[in-house]
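K.L.:
Quick one: sequence and predicted model below, then my questions.
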Amino acid sequence: QVQLVESGGGLVQAGGSLRLSCAASGRTFSTSSMGWFRQAPGKEREFVAAISTFRWSGGSTDYGDSVKGRFIISRDNAKNTVFLQMNSLKPEDTAVYYCAAGSTFGPRAGAYDYWGQGTQVTVSS
């Protein structure tokens, strides 16, 4: 069982930056792939970024097309935490951001077994 708690969301102006954190409990964090997804009002949940376990694939990363070159995902296994550094934020990045953990690395939401409650990110123009 893995419990996930996101933090770091808030209100920021366009062009600004935010860093989201996701603290995980449970012994399986270091062997879990981690992902970030987001959902804006009236829209489907969208893949943002994912990072694999260091053990099996050296911490490979993947990003959604809309955030490539602006967002960076990283993890600290010693602290059971995954981060999402968001730069050059745009109003269209406004959404609730969710952290997820699972045994399979990739962009599919169905591959993740555990989800956090989400943190709101609002980007003003």
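P.N.:
Received, thanks.
K.L.:
Run through the helices of the chain in chain order.
P.N.:
For the chain, the helices defined by DSSP state H cover 54-57.
K.L.:
how about low-confidence regions in it?
P.N.:
54-58 (pLDDT under 70).
K.L.:
Leaving out sequence neighbours, find the closest residue to residue 104.
P.N.:
Sequence neighbours aside, residue 111 is the residue nearest to residue 104 in space, at 4.0 Å (criterion: C-beta to C-beta, 6 or more residues apart in numbering). Heads up, the C-betas are built off the backbone N, CA and C, glycines and all.
K.L.:
try residue 18
P.N.:
In space, residue 18 is closest to residue 86, 4.9 Å off (C-beta to C-beta, 6+ apart).
K.L.:
before we move on, back to that, and the residue nearest to residue 104, how close does it get to residue 23?
P.N.:
Plainly put, residue 111 is 21 Å away from residue 23 if you go by C-beta to C-beta, to the nearest Å.
K.L.:
just to revisit the earlier point, what are the neighbouring residues in contact with the residue nearest to residue 18?
P.N.:
17, 18, 19, 20, 67, 70, 71, 93, 121 (C-beta atoms under 8 Å, 6 or more residues apart in numbering).
K.L.:
Contacts only, for the second one.
P.N.:
Neighbour list for residue 18: 8, 9, 10, 12, 86, 89, 121 [criterion: C-beta under 8 Å, 6+ apart].
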